[in-house]
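In: I would like to see how this sequence folds:
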Amino acid sequence: MADATTTDGFPDIAGMRYEDAREELIAIVAKLEAGQAPLEDSMQLWRRGEALAAHCATWLDGAQAEIERATRPPAPAGELHADDEIFDEDDES
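Out: A predicted model of the protein is given here:
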């Protein structure tokens, strides 16, 4: 679900469930806040945390879009709206 560019170097993240990614992100933040890791390790943790955060955001954005689609009231027959498919076509005139 995550963008490939945000998970480069972390191919396992792309297949993670939201809850698993969130839990790992929480653990990474705790490690970074403790300040006990060497700089190189901290930077790697930070990069992975950024990729996990992006993955979680992608999951949440997708869920929000799905909910909005499911709860959008149907348009009355014959009435056009700006988001109707007819407005997506290229106008050749």
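
In: Quick test: name the residue nearest the centre of the protein.
Out: With distances taken as CA atoms, centre = their mean, Thr58 lies nearest the centre of the chain, 1.0 Å away.

In: Give the buried residues for the helix or strand that contains it.
Out: Thr58 belongs to helix 39-71 when elements are defined using DSSP states H and E. The neighbour-count check on helix 39-71 (16 or more other CB atoms under 10 Å) flags Leu45, Arg48, Gly49, Ala51, Leu52, Ala53, Ala54, His55, Cys56, Thr58, Trp59 as buried. C-beta: built from backbone N, CA, C; applies to glycine.

In: so who does the first one touch?
Out: Counting by CB atoms under 8 Å, 6 or more residues apart in numbering, Leu45 touches Ile28, Lys31, Leu32, Ala37.

In: Which members of these are classed as buried?
Out: With burial judged by 16+ other CB under 10 Å, the buried subset of those is Ile28, Leu32.

In: closest to Glu19 among the contacts of Leu45?
Out: Nearest to Glu19 out of the contacts of Leu45 is Ile28 (CB to CB; 15.1 Å).

In: right, and the closest one touches Arg47 too?
Out: No. Look at Ile28 against Arg47 with CB atoms under 8 Å: they stay out of range, at 9.9 Å.

In: How about the secondary structure of Pro11?
Out: coil (DSSP: H, G, I helix; E, B strand; the rest coil).

In: Quick check: pLDDT value at it.
Out: On pLDDT, Pro11 comes in at 93.

In: So what's the residue count around it?
Out: For Pro11, the count of nearby residues is 9 (other CB atoms under 10 Å).
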